[in-house]
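> Would you be able to build a 3D model of this:
(2 chains)
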Amino acid sequence: MTLDTYDKIMMLAKRRGFLYPSFEIYGGSAGFYDYGPMGTRLKENLENLWRKYYLLKDANIEISTPTITLYDVLKASGHVDEFTDLTVDCKQCQTSFKVEDIIDENQTVEEAVANDTVTCPDCGSKLSDAHPVNLMFSTEIGIGKTRDAFLRPETAQGIFTGFHLLYRYAREKLPFGVVQLGKGYRNEVSPRQGPIRMREFSMAEAEIFFDPENKSHELFNEVKNHKLYLFDNVNEMKISMEKAVDEGIINNQALAFYMYMTQSILLDAGVDPKKFRFRKHADDELAHYAKECWDAELFSERFGWVECVGIADRSAYDLNAHITASKTDMYALRRYDEPKRITKKQIVPKMNVLGPEFKQRAGIIKEKLESMDAENIPYPITIKVNNEHINIPDNCYDIEEITETVPGDKFVPHVIEPSYGIDRVLYCLLEHNYYEETKNDELYHKLLLPPSMAPVKVGVFPLISDEKLIKIAKKLDKTFRENDIFTTYDDGGSIGRRYARMDEIGTPFCVTVDFESLDDNEVTIRNRDTTEQQRVPIDEVIKQIKNQLEKK
RNA sequence: GCGGAUAUGAUCUAGUGGUUAUGAUAGUGGCUUCCCAAGCCACUUACUCGGGUUCAAAUCCCGGUAUCCGCACCA
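Model (predicted):
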């Protein structure tokens, strides 16, 4: 049996508590994984690195919205119509079938439905009422009288549906960005790529709202000399952000800036630069609403180049969709230097006349009058109410000239969306940092994770399990944890075995208490990457380790 | 979803229609003044599920489920 890197990684992940197949005791289910103790810590470290960039370096705001999402939201966003397959139900067998699965090869789904030639593969009865079924996980809200809903396929919609509130929170200034980390769900047909394609997955998304006339970024100048690894489907290049924007390879500063953020996060997290690139979507690949899209791809030995982050210019698509569907005001305002004063005519209904005259129809008449263009009023005014044409006498309204102050132009902001598949990044991190060698004819592996990512920072051991050493080691272990440093205390087995266990989960440092420590109050720090050892006074060990952890 | 293959402790694996189902690794406890998976002793954990054939099924048959491979599908 030959194991590829994926097999080795997944075995290590299971053995050492990174990833477990979910529900395994009941046979498991493809597309679901449990994060074990180490995986949970690693994921948290990655997410916090992400937050460091998106909340601190680029001062965005973070929100958290429901994973269960109302039908109407996803209808408006286009997900309801895009994620569907035609399905028929057999009432005899109480079964549902995908139309494309049960029709003859020589006809299309459309033809089969149009010609009514769909039959049940089990009982042979004729099936009709083909209806689309969505590939999103659906559910219902409430009992009895329910509302349709789905588990969200992306976190972004929660940001868009709150845009008007968030825009206000951001003091009505653009650009501003809103981020969300959380789970997304897709009922994949056949998820056979382990943690690369999951049915329930973690994503980190940012929606940065811009004035479409100004997609510059405040911090661009600060970082414009950074080089990005780009691939335009033909050539790979390493090119400065400034040059890429100047030459039009990347459309605008904002897009380039979030590519820089993405590259920095991934490389900081421990991605191998040789296995990293941004790939530009070809024109025929672009979603119809996207102007430009770059994927950050990480190379995996089994899966090839894996799309782990998508950075798309989604223009105004989503906000427009929600404005149309919900009738909510989701416009932003581009203020003039000086507010403009605009004089215009307006019809002002006189309700004291309209009311007695038209009774219950007065309300509708008022609305219609107000919505008329006061510059071009027909005479006499005729208003149609319930198929009845009503002449409105002059004494029912005034035409007033009013002066309005207009502060600026209303427009729908554009959005740039960096969207991270956390689980994919995490798997690639394991793969990129997996290192193996043969030691005494035995395979020896390490995870060479950056110390900042490592789930456990320090292993604390007594050299042998002697009460005197154990006492000191346990106390030292406690002191580490009091200083917010994650540790593993271990006094089982030989010292080499304990080092090996720590190497496997990527623990950068091990501290060992030995018999000499009893005399000289010094302990040994052992470095994961070099296996070199260093004697350090026990009082300084916390400080030393802290320094080394902060180095990168 | 279709076709094919597979399913034995945490992992890898042996096995035959018939007594207590291999072995290794890992794990746990103990011994060892032990710095890179050392040694010795002891211990824990398994035949994918359901039905059938049979005196007897982990083994043969049927079905379910899951996984893997190919095809199809796929932000």
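> mind listing the strands in the stretch 1-150 of chain A by residue range?
A:19-21, A:33-35, A:61-62, A:68-70, A:84-90, A:95-98, A:131-134, A:138-141, A:147-151 (DSSP state E, counting those that start in this stretch).
> Would you check that A:Leu463 makes contact with A:Ile495?
Yes. Because the distance of 5.9 Å satisfies C-beta atoms under 8 Å, A:Leu463 is recorded as touching A:Ile495. Backbone N, C-alpha and C define where each C-beta goes, glycine included.
> mind listing what's buried in stretch A:491-501?
By neighbour count, with 16 or more other C-beta atoms under 10 Å as the criterion, the buried positions of stretch A:491-501 are A:491, A:495, A:498-501.
> wait, does that stretch make contact with RNA strand B?
Yes. In this structure, stretch A:491-501 sits against RNA strand B according to C-beta under 7 Å from any atom of the strand; the contacting residues are A:492-497, A:499-501.
> could you say which helix or strand contains A:Asp313?
Using DSSP states H and E, the element containing A:Asp313 is strand A:304-315.
> Can you give the contact residues for that strand?
Surrounding strand A:304-315, the residues in contact under the criterion C-beta atoms under 8 Å, 6 or more residues apart in numbering are A:196, A:212, A:251-252, A:255, A:258-259, A:262, A:266, A:277-279, A:287, A:289-300, A:414-421, A:424-425, A:428.
> Can you give the strand pairings for that strand, parallel or anti for each?
For strand A:304-315, the paired strands and their directions (DSSP bridges) read strand A:292-300 (antiparallel), strand A:414-421 (antiparallel).
> Around RNA strand B, pick out the residues from the stretch 251-400 of chain A.
For the stretch 251-400 of chain A, the residues in contact with RNA strand B (C-beta under 7 Å from any atom of the strand) are A:281, A:287, A:293, A:295, A:307, A:310.
> Can you tell me which of the strands paired with strand A:304-315 is most buried?
Per-stretch averages of neighbours, counted by mean count of other C-beta atoms under 10 Å, single out strand A:414-421 among these, with a mean of 24.
> Which SSE is immediately downstream of that one?
Along the chain past strand A:414-421, the next helix or strand (assigned with DSSP H and E) turns out to be helix A:422-432.
> Remind me what that following helix packs against, helices and strands.
Of the remaining helices and strands, those touching helix A:422-432 by 3 or more C-beta pairs under 8 Å, 6 or more residues apart in numbering; DSSP states H and E are helix A:5-15, helix A:37-51, strand A:200-210, helix A:253-269, strand A:292-300, strand A:304-315.
> okay, these in JSON lines with mean pLDDT next?
Converted to JSON lines, these look like this (pLDDT from 0 to 100):
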{"stretch": "helix A:5-15", "mean pLDDT": "87"}
{"stretch": "helix A:37-51", "mean pLDDT": "95"}
{"stretch": "strand A:200-210", "mean pLDDT": "95"}
{"stretch": "helix A:253-269", "mean pLDDT": "96"}
{"stretch": "strand A:292-300", "mean pLDDT": "92"}
{"stretch": "strand A:304-315", "mean pLDDT": "91"}
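> circling back: among the residues of stretch A:491-501 next to RNA strand B, name the ones in helices.
Among the residues of stretch A:491-501 next to RNA strand B, the members falling in helices are A:495-497, A:499-501 (criterion: DSSP state H).
> ok, of the residues you listed, which one's closest to RNA strand B?
When these are compared for distance to RNA strand B (C-beta to the nearest atom of the strand), A:Gly496 wins out at 2.4 Å.
> Residues of the stretch 451-552 of chain A that sit close to RNA strand B?
Counting by C-beta under 7 Å from any atom of the strand, the residues of the stretch 451-552 of chain A near RNA strand B are A:463-466, A:492-497, A:499-501, A:503-504, A:512, A:514-515, A:524, A:526, A:531-533.
> closest point of the stretch 1-150 of chain A to RNA strand B, which residue?
Taking C-beta to the nearest atom of the strand as the measure, the stretch 1-150 of chain A has A:Ala30 as its residue closest to RNA strand B, at 2.3 Å.
> Quick check, that residue in contact with A:Pro191.
Yes. A:Ala30 is within contact range of A:Pro191, at 5.1 Å (criterion: C-beta under 8 Å).
> Can you pull the residues that touch both of these two?
Common neighbours of A:Ala30 and A:Pro191, using C-beta under 8 Å, 6+ apart, are A:Arg199.
> Give me the more crowded residue out of those two.
For the pair A:Ala30 and A:Pro191, the greater number of neighbours falls to A:Pro191 (18 against 15), based on other C-beta atoms under 10 Å.
> That one: what's it in contact with?
By C-beta under 8 Å, 6+ apart, the contact list for A:Pro191 reads A:30-31, A:197-199.
> I would like a PyMOL command selecting only the buried ones among these, please.
The PyMOL selection below is limited to those of the contacts of A:Pro191 classed as buried (16+ other C-beta under 10 Å):
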select buried, chain A and resi 31+197+198+199
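> Out of the residues of the stretch 251-400 of chain A next to RNA strand B, which is nearest to A:Asp7?
Relative to A:Asp7, the closest of these is A:Glu307; by C-beta to C-beta it sits at 22.3 Å.
> and that closest one, how many neighbours?
Applying the criterion other C-beta under 10 Å, we find 13 residues in the vicinity of A:Glu307.
> now swap in A:Ile208 and tell me
A:Ile208, neighbours per other C-beta under 10 Å, totals 25.
> hey, what's it bridged with?
A:Ile208 has these beta-bridge partners by DSSP bridges: A:Gly177, A:Ile416.
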